[in-house]
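A.B. asks: give me coordinates for this.
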Amino acid sequence: MPVEHYENFPVASFLLPARLREPVEAIYAFARSADDIADEGNELARVRLERLDAYRRHLRSAERKRPIDDPALAPMFDRLGRNIRRHKLPVGLFRDLLDAFSQDVKKTRYADFAELADYCRRSANPVGRLMLRLYKADTPANLELSDKICTALQLINFWQDVEVDWRKYRIYIPLADMERFGVTEAVIAAGEVTPQFSALMDFEIQRARTMMLQGAPLARRLPGRIGWELRLVVQGGLAILDKIEGVGYDVFTRRPALGKTDWLRLIWRAATR
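C.D. replies: Residues are numbered from 1 along each chain as shown. Reported below is the predicted structural model:
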């Protein structure tokens, strides 16, 4: 389930076949470090965007087996390029991630769900698509289900982090939904769990849950370890939604998260559902 820096990414755990740990680690290192450029520290937006542009340049070099002109980043991009070529990974998916991270630097509001879904298409869905390519399971039907799971995971991360994102002056809740339920930015700034905010969160949670359940059959289609890990991911995401509901939608005073005692229940659910 979520990791500290780049949530919603299945890290190279013991559940992965040994032959895939290196490519997954290479993808993860790229995604996490690029995400950190967009989100961590106190650099100016201009500097963040310049650094992400450098990542685009290094990605082109890595893809074409050319030298990386930054010694500090050369090992990471050399390894990434090696695995892109070895596993025939679509480079466009890495560019999509960089586009999403750049968007995070520049864009802080989303007019409607279509805009937010387009962001998720680039920020989250590439992860699942890359994993399916590594497993040689990237059929059109599987990709469609994977996109639903990954978008749902991204949405779940947004709903549990409303307060965290506000501290960065970001709101991922679509403005059209806020207007529909009568929730203003002042409500979020004050951390008020009003009846209107609760109704809005319930709406967003049900949308994410429906999307997750629509994608969940993918976990039964995939064999062995990847299917088992994906079932854990799905159950973990659903459990976060349950926790948000369990605290009465108060994502301001506590961040709903999974604890140690949750994992036994999730393992049981993953084994039986």
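
A.B. asks: count of neighbours near Asp165?
C.D. replies: 18 (other CB atoms under 10 Å). Any C-beta I mention is one placed from the backbone N, CA and C, and that applies to glycine too.

A.B. asks: contacting residues for it?
C.D. replies: Phe158, Ile171, Tyr172 (CB atoms under 8 Å, 6 or more residues apart in numbering).

A.B. asks: OK, contacts around the last one?
C.D. replies: Neighbour list for Tyr172: Tyr110, Leu116, Phe158, Val162, Asp165 [criterion: CB under 8 Å, 6+ apart].

A.B. asks: what are the buried residues along the helix or strand Leu116 falls within?
C.D. replies: Assigned by DSSP states H and E, Leu116 belongs to helix 113-123. Buried residues in helix 113-123, counting neighbours by 16 or more other CB atoms under 10 Å, are found at Phe113, Leu116, Ala117, Tyr119, Cys120, Arg121, Arg122, Ser123.

A.B. asks: tell me where the model's unsure across this structure.
C.D. replies: 1-15, 259-273 (pLDDT under 70).

A.B. asks: show me where it has strands.
C.D. replies: Secondary structure of the chain (DSSP state E): no strands located.

A.B. asks: and the helices in it?
C.D. replies: For the chain, the helices defined by DSSP state H occupy 18-39, 45-63, 74-87, 91-106, 113-123, 125-134, 140-160, 162-166, 175-181, 185-190, 195-215, 218-221, 224-246, 260-272.

A.B. asks: CSV please, covering these and showing distance to Phe252.
C.D. replies: Formatted as CSV, these follow (distance: least, CB to CB, whole Å):
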stretch, distance to Phe252
helix 18-39, 20
helix 45-63, 26
helix 74-87, 37
helix 91-106, 21
helix 113-123, 21
helix 125-134, 28
helix 140-160, 11
helix 162-166, 5
helix 175-181, 15
helix 185-190, 8
helix 195-215, 9
helix 218-221, 32
helix 224-246, 11
helix 260-272, 21
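
A.B. asks: do you know which of the ones you listed lies nearest Thr253?
C.D. replies: Set against Thr253 and scored by CB to CB, those come closest in helix 162-166, at 8.1 Å.

A.B. asks: got the CA coordinates for the closest one in PDB?
C.D. replies: Provided in PDB are the C-alpha atoms of helix 162-166 (Å, rounded to 0.1, in the frame of the first residue of the first chain):
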ATOM      1  CA  VAL A 162      -7.400  17.300   2.200                       C
ATOM      2  CA  GLU A 163      -5.700  19.100   5.200                       C
ATOM      3  CA  VAL A 164      -2.200  18.200   4.100                       C
ATOM      4  CA  ASP A 165      -2.800  19.500   0.600                       C
ATOM      5  CA  TRP A 166      -4.400  22.700   1.900                       C
END
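
A.B. asks: tell me which residues in that helix are buried?
C.D. replies: Using 16+ other CB under 10 Å as the test for burial, helix 162-166 gives Val162, Glu163, Asp165, Trp166.

A.B. asks: nearest to Gln206 among those residues?
C.D. replies: Of all the buried residues of helix 162-166, Val162 has the smallest distance to Gln206: 16.1 Å, by CB to CB.

A.B. asks: what sits against that closest one?
C.D. replies: Contacts of Val162 (CB under 8 Å, 6+ apart): Ile171, Tyr172, Ile173, Ile188, Val251, Phe252.

A.B. asks: Val187 now?
C.D. replies: Counting by CB under 8 Å, 6+ apart, the residues that Val187 touches are Thr194, Gln196, Phe197.
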